[in-house]
Structure formats: C-alpha cells, structure tokens
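A.B. asks: Task: produce atomic coordinates for the following.
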Amino acid sequence: MRRPLFRFGGSRLGGFILALNLLSLLILFGGALLLNEWSKGLVGARQESLTVQAELLANVLREEGVTRGEPTPELDPIRASLWLTDRFIPAGQRVRLYDINGLLLVDSYQVTEAIGGRPLPDAHSAGSPTDDGAAAKLVSERRIARADSELAAEVSAALEGAPQATLRRNESGDRVVSVSIPVRHVRQVLGVLTVESGDVDEILSAQRRALVPFALVALGVNLLASLLLHLFVARPIMRLSAAADQVKLQRARAISLPDLEDRKDEIGDLARSLESMTDTLSTRMDAIERFAADVSHEIKNPLTSIRSALETLPLVKTDAHREKLTALLQQDVRRLDRLITDISNASRLDAELSRDRPRPITLNQLLTDIVGVYDTTAKPGDIPVLFQAPQTPLRVMGRDGPLGQVFRNLIDNARSFSPSGGAVRVSLEETADDLPVRVRVEDQGPGIPPENLETVFERFYTSRPQGAKFGSNSGLGLSIVRQIVEAHGGRVHAENQMQDGQVVGARFEILFPAVGRRA
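C.D. replies: Below you'll find the model as predicted:
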C-alpha cells in the first residue's frame, strides 16, 4: 500500500482530527491564561499605584498641618476633610482616615460634592407580589458586616506600622483593591490612611468580554472540525455501509466507490480493502461455479456409462457378455468413487488452508518422511522413489498437511507415468532466485506434449499412457498441487527432460520462499 511519509501515530486522518481539536483547546487555554495573568498584573499594578498615591496623600497631610505634635500628637479631621475631596481624589476611588484607635475620622464619600446612588428598580404593577424585604435586608447586613470586618482587620494591621495591600469585598459586594498606610508625626503612628479602588471588577468584566471572541473562534473551530469529520469520516463510512448492504441485498459481486478509493487516508484504505475483498469473493464464487460445472460434467460420464450398462444387462444372453458388462460397471463405480473422493478433498482444501496457521517447516525432514513411507510400503515391481537433499536445512513457512499432499500427488503422478524398471527422483536444493527453495520431481515416462505443459494443471485434465488402469485418476491431483503451492506463495510448472534431443521424462518444479528471506 502507498502511505504518506508523514503521519501522526501512523494515521493522517488521526493527526488531522487531533490537530483540529488541539487548536480549539489551545485557543481557549491561551485566552484563559492571558486573562488570568492580566488580572494578576492588574491587581498588582493597582496596588502599587494606590500605595504611591496613599504615601503622597500622607505627605500632603503632614505638610498641611493635619498632623500636630503639640501639646500631644493628634490628627485634625477638619483640615483632613478639606484635602480628601473630589479635587484630590480621582473618580472611582475612596479614601478614609482612621485615628490611632481605629475610629473613622474622614471618608471621602461623605465629603464629596457628587451625589451618589444607584437607579431605582422598576415599579411593581398593582397587585403583584414584592420581594421579601426582610431576607434582602438580612443579606445586605451580612455583606456589610463582613466588609467592615475585613476593613477593620486591614486597618488594625496598618496601625502596627506596616503598610497593607489587600483585595477584598466592599459593602456592595464588589471587589476592591485596598491600600492602608500608617500616618505618622515624626515616627509616631497617629492613624491610618486607606485608599481603595473599586474598578477592578469592571476591568475584569471588560477582559471577560474580550475573551468572548476567543471562545467564539474556538467554538467555530470545533464546529468546523465536527463538520469536516462528518464530511470526511462519517459520510464515507455510511456510504461504504450502504454499498455493503447493497452487495448483500442485491447479490452484487463487488463494491466500487472510485471517489473513496482515490483518497490517501484510512477511508481510502478501507474502500480499497473492501473492493479487494469483494473482488476476491467474486473470483472465488466464479471458481466455485466453474468447479461445480466441471464436477457435474465429470460425474455424468460414469453415470451415463453405468446407466447404459444397466439398461443393456437384461438383454445380454451369454455369460461372457454379462461378465464384461459387470466388469465395466465395476470400473465406472471405481471411477465414480475416485472422483467423489478427490472432489471432496478439493472442496475441503480452502477450509484446511485457512484453518491451520503457517509455521516454519523443514522440507528436508518432511520429504525424507514421505519418501520413507513409499520405501517401507513398496511391493515387488513398484516404481522406487529416490531422494536427494543438501545437509543444510531448508525451511519454508507453511502447513505440513497440505505440503505433504503436494509432494505425494506429484510422486504418485510420476510413478503412474514411469515405465517398469524406471525410478522417480525427488531433489531439494537452494537457488539464487527470488524463490530460493526448489523441489523437483522427475520421472522417466513419455513426457508431456508441449502444448499441454500448462493444461495439465487444469481440473479434470487427464492424459494417461497406454495400459494405465481405467478410473484410477480423476484429473484433480495437479490442480490441487497448484492451488496449495500458490496459497504458500510459491510457483509450480512442468517441463520435459531432454537428452540428445529426445524426451526422457517429465519434470515438475516447485519454488518456495524461504523463511527469513523476502520474496
């Protein structure tokens, strides 16, 4: 299969999906990090700015006589209130001055000239229920109490002489950045000046609104990713499923989706695999149909002969003719039995090849055992089988049962063509070809007509020598040999042995890929 050089985890489509999803997540993650870091920087910058402003105000208060040292050090709240007005306090900020006991002296919200407040809520229509005023008042009182408690803790810490910077909630529940610094006369702490800014939530809200485009872009990327996954993954798989259902319902022979087969990702691989699978099934179905037709034709011949003999048998007058017909019937029955046996073996061959898992097989030992069986069961007058093999073990990946059937079929075929006094030679050797393991089976018979060197491997083809026993061969042996050899990745062919321009026998040559070597 052709595969691109660059794939994430071996999958181009998987990398595409992962990249799209990571992109959307990174957009959201980056936006969130940017907002968090910015909010932290905003609070820090606000605290530094308010600290400088509070120190400046404290210096101004000292210079303007707000702090007095005679006869006792104290703060002048009246002079302080003149300076803590709108002319000196920026909008959105609140300044409060506390004495040494933590009591509030001046609040810029109380000395401001601006009229504060919030818009009134919409009026209720007549007869409509109103909110529970008691519950709302209780919530407000709790919020105010907590805000006062946090502010008192900040002021108390500043009265110890160390500036304080905090982020807390005010009476309205809004977050404020607050800075409290001690107000001194010379070195003695006379009070605390607190400066707070309540625009943090507004700025953060603005930043959250700024994050909305990031979220929308991420949402758009996710939607685009979902659409692309639907177009490039879900729909093609649905089409493949529909095509498979069509093959099943309409009894079609193959799936063909050219636009999907041209794709270079896993969907294209799947489409090509399905087409290859259905083509293979179609080829096998055609082979089964041809095999059934050939079987029907071959079985009809002995059946026709048997029927003719049975119809003729009542008309025979002499015992000699009756014995001749009986012998003919017996030959046809033997021939029919041989055909049925070989047909049964051939029909089970595919199942046997798919059932057993290939494993390394040493052909030296397998051929030695097969030839040894012929030697031990040989009868007087039988054609001997001679075997020659190298000392080096030659291994192939296969199944010992079918491979043994290959060699037995070739040896039996060679013995049937060998003349009396002849011999069958089996040799095993290693070559430098692309299929390096070679097995040869040679006989000393009349050879094979040149025009039939390929035909001999067809089903039910038989061309027996003169005097051969009728019905002893079905013509399936060599066809089975080729089928098994090709299932093991090998090749088989037939040729004639030549000597001085004369045919001195037939030779069948099988080539196998060796274990550990690439064919």
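A.B. asks: Could you pull out the strands in the stretch 401-519 of the chain for me?
C.D. replies: Taking DSSP state E, counting those that start in this stretch as the criterion, the stretch 401-519 of the chain contains strands spanning 424-430, 437-442, 491-499, 502-512.
A.B. asks: okay if I get the ones you listed as JSON lines plus distance to Arg359?
C.D. replies: Just so you know, the C-beta spots here come from the backbone N, C-alpha and C atoms, and that holds for glycine as well. Output for the strands of the stretch 401-519 of the chain, formatted as JSON lines (distance: least, Cβ to Cβ, whole Å):
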{"stretch": "strand 424-430", "distance to Arg359": "19"}
{"stretch": "strand 437-442", "distance to Arg359": "15"}
{"stretch": "strand 491-499", "distance to Arg359": "21"}
{"stretch": "strand 502-512", "distance to Arg359": "14"}
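A.B. asks: Which one, of those strands, ends up nearest to Val481?
C.D. replies: strand 491-499 (6.1 Å; Cβ to Cβ).
A.B. asks: the helices in the stretch 251-400 of the chain, which residues?
C.D. replies: Under the criterion DSSP state H, counting those that start in this stretch, the stretch 251-400 of the chain carries helices at the ranges 258-261, 266-312, 319-355, 363-376, 400-417.
A.B. asks: Adding mean pLDDT as columns, could you present those in JSON lines?
C.D. replies: As requested, those are arranged in JSON lines below (pLDDT from 0 to 100):
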{"stretch": "helix 258-261", "mean pLDDT": "74"}
{"stretch": "helix 266-312", "mean pLDDT": "80"}
{"stretch": "helix 319-355", "mean pLDDT": "77"}
{"stretch": "helix 363-376", "mean pLDDT": "92"}
{"stretch": "helix 400-417", "mean pLDDT": "89"}
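A.B. asks: Kindly tell me how buried Asp265 is, as a neighbour count.
C.D. replies: Close neighbours of Asp265, defined as other Cβ atoms under 10 Å, add up to 19.
A.B. asks: ok, it to Thr278 distance?
C.D. replies: Asp265 sits at a distance of 21 Å from Thr278 (criterion: Cβ to Cβ, to the nearest Å).
A.B. asks: for Arg239, same thing?
C.D. replies: Spatial separation of Arg239 from Thr278 under the definition Cβ to Cβ is 15 Å.
A.B. asks: re the thing from before, so which of the strands of the stretch 401-519 of the chain is the most packed in?
C.D. replies: Most buried of the strands of the stretch 401-519 of the chain by mean neighbour count (mean count of other Cβ atoms under 10 Å) is strand 437-442; its value is a mean of 21.
A.B. asks: Excluding its own residues, what touches that strand? List them.
C.D. replies: Strand 437-442 is contacted from outside by 363, 367, 394, 396, 407, 410-411, 414, 424-431, 497, 505-514, using Cβ atoms under 8 Å, 6 or more residues apart in numbering.
A.B. asks: quick one, it and strand 424-430 angle?
C.D. replies: Regarding strand 437-442 and strand 424-430, their directions subtend 160 degrees when assessed with axes from the mean of the first three to the mean of the last three Cα atoms, to 10 degrees.
A.B. asks: Strand 437-442 pairs with which strands, parallel or anti?
C.D. replies: Strands that pair with strand 437-442, judged by DSSP bridges, come out as strand 424-430 (antiparallel), strand 502-512 (antiparallel).
A.B. asks: want to throw the ones you listed into CSV with mean pLDDT and distance to Leu260?
C.D. replies: Conversion of the strands paired with strand 437-442 to CSV gives the following (pLDDT from 0 to 100; distance: least, Cβ to Cβ, whole Å):
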stretch, mean pLDDT, distance to Leu260
strand 424-430, 93, 45
strand 502-512, 92, 37
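A.B. asks: Would you reformat those strands as CSV and include distance to Arg168?
C.D. replies: Putting the strands paired with strand 437-442 into CSV (distance: least, Cβ to Cβ, whole Å) gives the following:
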stretch, distance to Arg168
strand 424-430, 90
strand 502-512, 86
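A.B. asks: Nearest to Asp269, out of the ones you listed?
C.D. replies: Each of these has some distance to Asp269 by Cβ to Cβ; the shortest is strand 502-512, at 29.7 Å.
A.B. asks: State the number of residues packed around the nearest residue in space to Gly198 that is not next to it in sequence.
C.D. replies: Excluding its sequence neighbours, the residue lying closest to Gly198 (Cβ to Cβ, 6 or more residues apart in numbering) is Val176, at 4.5 Å. Counted with other Cβ under 10 Å, the burial measure for Val176 works out to 25 neighbours.
A.B. asks: one step back: and Ser172, which of the strands paired with strand 437-442 is closest to it?
C.D. replies: Going through the strands paired with strand 437-442 one by one, with Cβ to Cβ as the measure, strand 502-512 comes closest at 90.5 Å.
A.B. asks: any idea of the angle the closest one forms with helix 363-376?
C.D. replies: Between strand 502-512 and helix 363-376, the angle comes out at 130 degrees (the same axes, to 10 degrees).
A.B. asks: Pull the residues that contact strand 502-512.
C.D. replies: When contacts are taken as Cβ under 8 Å, 6+ apart, the neighbours of strand 502-512 outside the stretch itself are 363, 396, 398, 406, 410, 413-414, 417-418, 431, 433, 435-448, 481, 485, 488-498.
A.B. asks: Appreciated, that's everything.
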